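Student: Sequence and predicted structure, then a few things I'm wondering about:
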Amino acid sequence: MRGWVWVNLVLAAWLVLAPWILGYRGTPATNDVIVGLAVGIVSIILLATSRAAAEPAVTVPRREEAMPMTASAMRDMAAALARLPDAERRTMMGERLRMFAEMPEEERKRAMGAMVEGVAALLDEDKKKLFRARFEILAELTDAQRNNLMMMHMAILMGKGSQMMQKEMELTQAIMPQLSPSVRQMVQMMMEKMGKGGMG
């Protein structure tokens with residue numbers, strides 16, 4: 001949990017510093033700074049509460065109580081990613097997805113579950129931006145990394161119910177024309193697996 005909060009702190013710092021590093025100004029820069037500060041504050045609060053929770057012998061209930069805050073932080077992070085320029089979005093999402101792929105399975109399940117919940121709260125147009133970047137990044141990963149992420153993503157979606165899976169498939173179909181032929185082929189294979197999983 002605490003390792004995950006440190007990652008959020010690093011990404012929050014990036015959002016705050018990005019306008020100066022990448023040289024963009026105006027409303028997008030202001031929004032990134034505000035979201036970065038908000039995520040940073042939430043992360044600091046989570047670090048403080050996780051330190052306090054480490055004192056008592058009973059840690060599992062504390063962990064469960066903290067999960068909704070993680071999902072909330074993920075929602076803020078997902079909304080910030082949707083507002084970024086395409087190249088910057090891909091860079092940040094690429095770092096996050098590679099990190100997810102290397103996590104132990106239970107940690108990956110918690111992290112990706114929070115991200116799925118966070119993305120689900122976004123508007124469809126923002127979801128499409130994130131889906132497109134995710135698919136382009138998945139196509140660049142190793143087979144092992146891609147399988148780790150795809151299998152966990154499908155398992156999480158199936159656990160959320162058929163409505164969320166159906167919605168994701170609809171939005172994926174909507175962005176297919178924007179994808180390169182090789183990425184589109186990979187996505188079609190993924191959707192076939194999702195369809196079989198959903199029926200199974």
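Tutor: Cool, the structure landed.

Student: from here on, contacts and neighbour counts on C-alpha atoms
Tutor: Will do.

Student: For the spatially most central residue of the chain, which non-adjacent residue is closest in space?
Tutor: In the chain, the C-alpha nearest the mean C-alpha coordinate belongs to residue 115, at 4.1 Å (C-alpha atoms, centre = their mean). Spatial nearest neighbour of residue 115, chain neighbours left out: residue 74 (5.4 Å); criterion: C-alpha to C-alpha, 6 or more residues apart in numbering.

Student: which residues touch residue 172?
Tutor: 128, 131 (C-alpha atoms under 8 Å, 6 or more residues apart in numbering).

Student: SS state for it?
Tutor: helix (DSSP: H, G, I helix; E, B strand; the rest coil).

Student: What's the first helix or strand after the lowest-mean-pLDDT helix or strand in the chain?
Tutor: Among the helices and strands of the chain, helix 60-83 carries the lowest confidence by mean pLDDT, DSSP states H and E, at a mean of 62. Per DSSP states H and E, the first helix or strand lying C-terminal to helix 60-83 is helix 86-102.

Student: which other helices and strands contact the helix or strand following that next one?
Tutor: The helix or strand immediately downstream of helix 86-102 is helix 105-120, counting by DSSP H and E. The criterion is 3 or more C-alpha pairs under 8 Å, 6 or more residues apart in numbering; DSSP states H and E, and the helices and strands that helix 105-120 contacts are helix 60-83, helix 86-102, helix 143-160.
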